[in-house]
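Peer 1: the following block contains a protein sequence and its predicted model.
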Amino acid sequence: MKKLFATICLAAGFAAIAHAQYGNDFIKIGQKAPELQFEDPAGKTLKLSDINKGRVVLLDFWASWCGPCRRANPGLVAFHEHYKSKQFKNAKKGFVVVSVSLDQSKEKWMAAIEKDKLSWPWHMSDLGGWQSKAAAAYGVQYIPQAFLIGPDGKILGKYMMAEQAEEDLKKLLK
């Protein structure tokens, strides 16, 4: 049974890599980022367009139950720490990460944010799991997955892992 599970996971991983390499055609580079408006863990409604004003945003889709997401989080934290104080062209308010969770349990979501030290203030979810309205708006079929959004609200890049945004982010540095 373990061998079968490992084979299925491996095949799914290859499918995700192939999908990432050839791109999610649902979202196109240069298009306006679809609006997201969901609650944070404290119940406050966050709106992506408000966060995005004057900022470069890395929109990161993940979940507490996703092993690859959790293993990627230390790198995402380091990435955020490295770029959060940098100056960017046309982005007076700099760079931020907005995490969108595909969790269904608020408690597990909050515990993972704390345990993984996801220190940025922008975390949102509708707790819809794979039926998340945010995932539907961005055509997310696997996680982790990330999108880079420019200060003009347009999609600059889409990535399998958030750190893959670094080359595009470097182009925006002052």
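Peer 2: Done, it's in.
Peer 1: show the end-to-end separation of stretch 134-153, please.
Peer 2: Terminal residues of stretch 134-153 are spaced 16 Å apart (C-alpha to C-alpha, to the nearest Å).
Peer 1: same question but for stretch 61-74, I mixed them up
Peer 2: 15 Å.
Peer 1: what does stretch 87-96 give?
Peer 2: Span of stretch 87-96 from end to end, C-alpha to C-alpha: 12 Å.
Peer 1: also stretch 130-143?
Peer 2: Per C-alpha to C-alpha, stretch 130-143 runs 10 Å from first to last residue.
Peer 1: from Asp152, how far off is Phe88?
Peer 2: 12 Å (C-beta to C-beta, to the nearest Å). The way it works is simple: take the backbone N, C-alpha and C, and place the C-beta from them, glycine included.
Peer 1: ok, now Ser64?
Peer 2: Between Ser64 and Asp152 the distance is 32 Å, computed by C-beta to C-beta.
Peer 1: got it, and Lys47?
Peer 2: Applying C-beta to C-beta to Lys47 and Asp152 gives a distance of 16 Å.
Peer 1: give the helix, strand or coil label for the residue nearest to the spatial centre of the chain.
Peer 2: Nearest to the geometric centre of the chain sits Asp60, at 0.6 Å (C-alpha atoms, centre = their mean). Following DSSP: H, G, I helix; E, B strand; the rest coil, the label given to Asp60 is strand.
Peer 1: who's more crowded, Phe88 and Asp152?
Peer 2: Using other C-beta atoms under 10 Å, the more surrounded residue of Phe88 and Asp152 is Phe88, with 20 against 12.
Peer 1: state the number of residues packed around Lys47.
Peer 2: 13.
Peer 1: pLDDT value on it, please?
Peer 2: pLDDT, Lys47: 98.
Peer 1: mind checking pLDDT for the residue lying closest to it once chain neighbours are set aside?
Peer 2: Nearest non-adjacent residue to Lys47, counting by C-beta to C-beta, 6 or more residues apart in numbering: Gln37, 4.6 Å away. With respect to pLDDT, Gln37 has a value of 97.
Peer 1: do the one 3 residues further on as well
Peer 2: Turning to Asp40, the model gives it a pLDDT of 97.
Peer 1: what's near enough to touch it?
Peer 2: Residues in contact with Asp40 (C-beta atoms under 8 Å, 6 or more residues apart in numbering) are Leu46, Pro121, Trp122, His123, Met124.
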